[in-house]
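K.L.:
here is my input, please return the structure:
(one chain, ligands or ions: 1)
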Amino acid sequence: YRSTPAPLPPGPKPKFITGNLHQLPKTERWKTYKEWSNTYGPMYMYRVFGRKVIILNTFKTINDLLDGRSNLYSDRPRSWMYTEIVGRKFSVFSVSSQSPRHKIYRKLLHSGLNARAINGYYNLMEQEVRTLANNLISSPSNFVDHFRQNAGAIILQLAYGWTVTGTRDRFVVLMEEAFLLNSELTAPGKWLVDVFPFLRFVPSWFPGGSFKIKAEEFKRELLAVDKIPFDWAKKEINSGNYIPSFTSQHLLPEDGHKLDVEEEDILKWTSSALYVGGADTTVAFMTAFIAAMTLWPSAQKKARQEVDKIIGARKPLFTDQASMPYISALIKEVLRWAPPAPMGLPHCVTQDEIYSDYFIPKDTIIFANIWGVSREEDIYPNPEEFDPERYLGPSPQMDPRKFVFGFGRRLCPGAAFAEASVFINVTSLLSQFTISKAIDTNGAEIIPNIEFTNTVTSHIKPFPCSIKPRTDKVA
Ligand code: HEM
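P.N.:
Residues are numbered from 1 along each chain as shown. Here you go, the predicted structure:
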């Protein structure tokens, strides 16, 4: 133990080798992390084997460090298994903030997701919301599958020019597998090689080396996710018969030059990041929207009044948002009430630091408890209550977009795109459907129990509700 210039942040007492692994919560971990802050304060540290992890639980600590000192706090943790052996080092989500690739990726993503680019996706979103509405009419209880198809169809067409057909679409299934693999691979404390890096030299047939066989499988499968859609798009583009997409726009640059191997690799990683970052999060949002509308009919009623007044029988346009304060507030409130990524993604600090009289060593993993901020009572009184009016009136509460999309140099590049796409979906669904509680066999309303999955993008687990075409409109 070397002496440190200031004490390390407080935290639960670690065990000798495994640290706090045995205490890590298995369900809705953000809730336990918020409870721990009652004991240890807004910033505390735990350990998993030798690795130090800090959880920031208040808007102030998060804003001071991840935004205020973003030049130091925007790295991602490296791990032997995930980033090195399975080879995810160059993925957009894992790339080091110190790698030149980080800036290149962000610039490229911005080119495909900025306000002007988003206008170009309007027809696609509009066409897909019609498919979504038809699917909801024919099988309303499968609403999550329909949201998945909707998000997948928009993003796969945007990224590769791929047209999704049905819920079991080949590429949608491929991408869904990637989510499962990624969450298995990144579970804390799962791989011994991250604790004892010398194990990477052990051959796969030797005791303790079998993880290498698993690693090869993961590598192959994850590579397929990035490569198969990209190679498909390339083939279409070369044939001359293709739907314009992010990939086609960059594979055929205006100056006519042919991409070299490195440029192609960059494009491949950014196209797949669009899907990985964009599909699951919008599904989580739309599911939470349905849950909120089921539980709070008065908010639904007010929102629908605004939709009927401003949009009436025509299609919603992006520009309508400016004249729909209640809908804008409702979208903010869904983001706050059920943040799609409640713990965000891990950040990592690139040098020794002091904050609030505590020492934060270089390479410490930092998580922002986004959900914790959404429940800070000083900022959001009565935080479990879904109430869009928080953001209206003379003294509005803080806009949750300040924290649900992440921080510093890692801020979500898809935020504006996500908002545009959920705006079209939310207004269209409110204008065409009534969402209410399901009725049990005795004719009583079922109050859904809201529970979230413990994953990076957290989804509300299946719950009963009723989604019906509005009786006052023609289905
Ligand atoms: C409601 C929807 C969304 C939410 C709540 C959300 C939230 C987040 C959060 C919390 C992060 C981590 C930021 C950090 O590390 O501090 C992130 C990163 C990212 N998001 Fe989103 N996101 C959403 C939609 C999208 C969409 C639609 C796309 C693309 C089409 C996208 C692409 C990405 C990418 C590529 C990153 C990685 C950025 C990096 O590591 O540099 N996201 N998002």
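K.L.:
what residues does the stretch 201-350 of the chain have near the ligand?
P.N.:
Residues of the stretch 201-350 of the chain lying close to the ligand (C-beta under 6 Å from any ligand atom) are 273-274, 277-278, 281-282, 285, 340-341, 344-345. For glycine as for every other residue, the C-beta is placed from the backbone atoms N, C-alpha and C.
K.L.:
could I get these as CSV with distance to Lys190 and secondary structure?
P.N.:
What follows is those, written out as CSV (distance: C-beta to C-beta, whole Å; DSSP: H, G, I helix; E, B strand; the rest coil):
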residue, distance to Lys190, secondary structure
Ala273, 23, helix
Leu274, 27, helix
Gly277, 23, helix
Gly278, 26, helix
Thr281, 24, helix
Thr282, 28, helix
Phe285, 28, helix
Pro340, 24, coil
Ala341, 20, coil
Gly344, 20, coil
Leu345, 17, coil
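K.L.:
of these, select the buried ones using a PyMOL command.
P.N.:
Here is the PyMOL command that selects the buried residues among these (16 or more other C-beta atoms under 10 Å):
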select buried, resi 273+274+277+278+281+282+285+340+341+344+345
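K.L.:
which stretches of this structure form strands?
P.N.:
43-48, 51-56, 347-348, 353-355, 358-360, 365-368, 433-436, 466-469 (DSSP state E).
K.L.:
can you list the ones you listed in CSV and add mean pLDDT?
P.N.:
Listed next are the strands of the chain as CSV, based on pLDDT from 0 to 100:
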stretch, mean pLDDT
strand 43-48, 96
strand 51-56, 96
strand 347-348, 97
strand 353-355, 97
strand 358-360, 98
strand 365-368, 97
strand 433-436, 97
strand 466-469, 97
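K.L.:
let me have the ones you listed in CSV, extended by distance to Ile310 and mean neighbour count.
P.N.:
Shown next, in CSV, are the strands of the chain (distance: least, C-beta to C-beta, whole Å; neighbours: other C-beta atoms under 10 Å):
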stretch, distance to Ile310, mean neighbour count
strand 43-48, 44, 21
strand 51-56, 39, 23
strand 347-348, 40, 23
strand 353-355, 46, 16
strand 358-360, 48, 20
strand 365-368, 35, 24
strand 433-436, 18, 20
strand 466-469, 21, 16
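K.L.:
what's the closest of those to Tyr326?
P.N.:
Counting by C-beta to C-beta, Tyr326 lies closest to strand 433-436 out of the strands of the chain; the figure is 16.1 Å.
K.L.:
nearest to the ligand within the stretch 151-300 of the chain, name that residue for me.
P.N.:
Residue nearest to the ligand within the stretch 151-300 of the chain (C-beta to the nearest ligand atom): Gly277, separated by 2.4 Å.
K.L.:
okay, the residue lying closest to that residue once chain neighbours are set aside: pLDDT?
P.N.:
Spatially, and ignoring its direct neighbours in sequence, Gly277 is nearest to Gly414 (5.5 Å; C-beta to C-beta, 6 or more residues apart in numbering). On pLDDT, Gly414 comes in at 96.
K.L.:
give me the residue at the spatial middle of this structure.
P.N.:
Thr281 (4.2 Å; C-alpha atoms, centre = their mean).
K.L.:
just confirm that one contacts Ala418, I think it does.
P.N.:
Yes: assessed by C-beta atoms under 8 Å, Thr281 is found in contact with Ala418 at 6.5 Å.
K.L.:
could I have the helix or strand bottoming out on mean pLDDT in the chain exported to CSV, CA atoms only?
P.N.:
None of the helices or strands of the chain scores lower by mean pLDDT, DSSP states H and E than helix 170-185, at a mean of 84. Only the C-alpha atoms of helix 170-185 are listed here, as CSV (Å, rounded to 0.1, in the frame of the first residue of the first chain):
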residue,chain,number,x,y,z
ARG,A,170,-32.1,-11.5,-40.1
PHE,A,171,-30.1,-8.4,-39.2
VAL,A,172,-32.3,-7.4,-36.2
VAL,A,173,-31.8,-10.9,-34.8
LEU,A,174,-28.0,-10.6,-35.4
MET,A,175,-27.8,-7.3,-33.5
GLU,A,176,-30.0,-8.5,-30.6
GLU,A,177,-27.5,-11.4,-30.1
ALA,A,178,-24.7,-8.8,-29.9
PHE,A,179,-26.5,-7.1,-27.0
LEU,A,180,-26.6,-10.4,-25.1
LEU,A,181,-23.0,-11.2,-25.8
ASN,A,182,-21.8,-7.8,-24.8
SER,A,183,-23.7,-7.9,-21.5
GLU,A,184,-22.3,-11.4,-20.7
LEU,A,185,-18.8,-10.3,-21.6
